[in-house]
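**Q** what's the 3D shape of this:
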Amino acid sequence: AVNNFDIKKYVSVYPNPVSTVLNIENKSNESISNIAIYTINGALVKEIKSSEAMQTIPVSDLQNGIYFVKIELNNQVINYKFSKK
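**A** So this is what the prediction gives:
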């Protein structure tokens, strides 16, 4: 059987651009297993392991620029690009 779970329908990342806190909202019944934030050059700057439906990630310590957040949910990975201002 093929799992047709579409992670994009259930996960929201906002605001973009962000200044102090990045919000990650999970509307599915599955738990997020890992959240990681990377610089545009691929360097890992933050990693959070939690199963909360709503995550608020402080980003005020990050330098201004472009980042990627990688979210693992239900054995799938999705990447969102965001800018820190």
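**Q** Can you show me the strands along this protein?
**A** Using DSSP state E, the strands found in the chain span residues 11-14, 21-26, 32-39, 44-48, 54-58, 65-73, 76-84.
**Q** Can you get me the centre-to-centre distance for the first one and its chain?
**A** Meaning strand 11-14. In terms of CA atoms, centre = their mean, to the nearest Å, the centre of strand 11-14 is set 7 Å apart from its chain centre.
**Q** next one: the third one
**A** On the basis of CA atoms, centre = their mean, strand 32-39 sits 6 Å off its chain's mean C-alpha point.
**Q** which strands and helices sit next to that strand?
**A** The contact analysis (3 or more CB pairs under 8 Å, 6 or more residues apart in numbering; DSSP states H and E) places strand 32-39 against strand 21-26, strand 44-48, strand 54-58, strand 65-73. Any C-beta I mention is one placed from the backbone N, CA and C, and that applies to glycine too.
**Q** so can I have TSV of those showing mean neighbour count and distance to Asn34?
**A** As requested, the helices and strands packed on strand 32-39 are arranged in TSV below (neighbours: other CB atoms under 10 Å; distance: least, CB to CB, whole Å):
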stretch	mean neighbour count	distance to Asn34
strand 21-26	17	11
strand 44-48	13	7
strand 54-58	14	11
strand 65-73	17	4
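**Q** Comparing the ones you listed, which yields the minimum mean pLDDT?
**A** For those, mean pLDDT drops lowest on strand 54-58, to a mean of 87.
**Q** thinking again about what came up before, compile the helices and strands packed on strand 32-39 into CSV and extend it with columns for distance to Lys8.
**A** Output for the helices and strands packed on strand 32-39, formatted as CSV (distance: least, CB to CB, whole Å):
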stretch, distance to Lys8
strand 21-26, 12
strand 44-48, 20
strand 54-58, 17
strand 65-73, 10
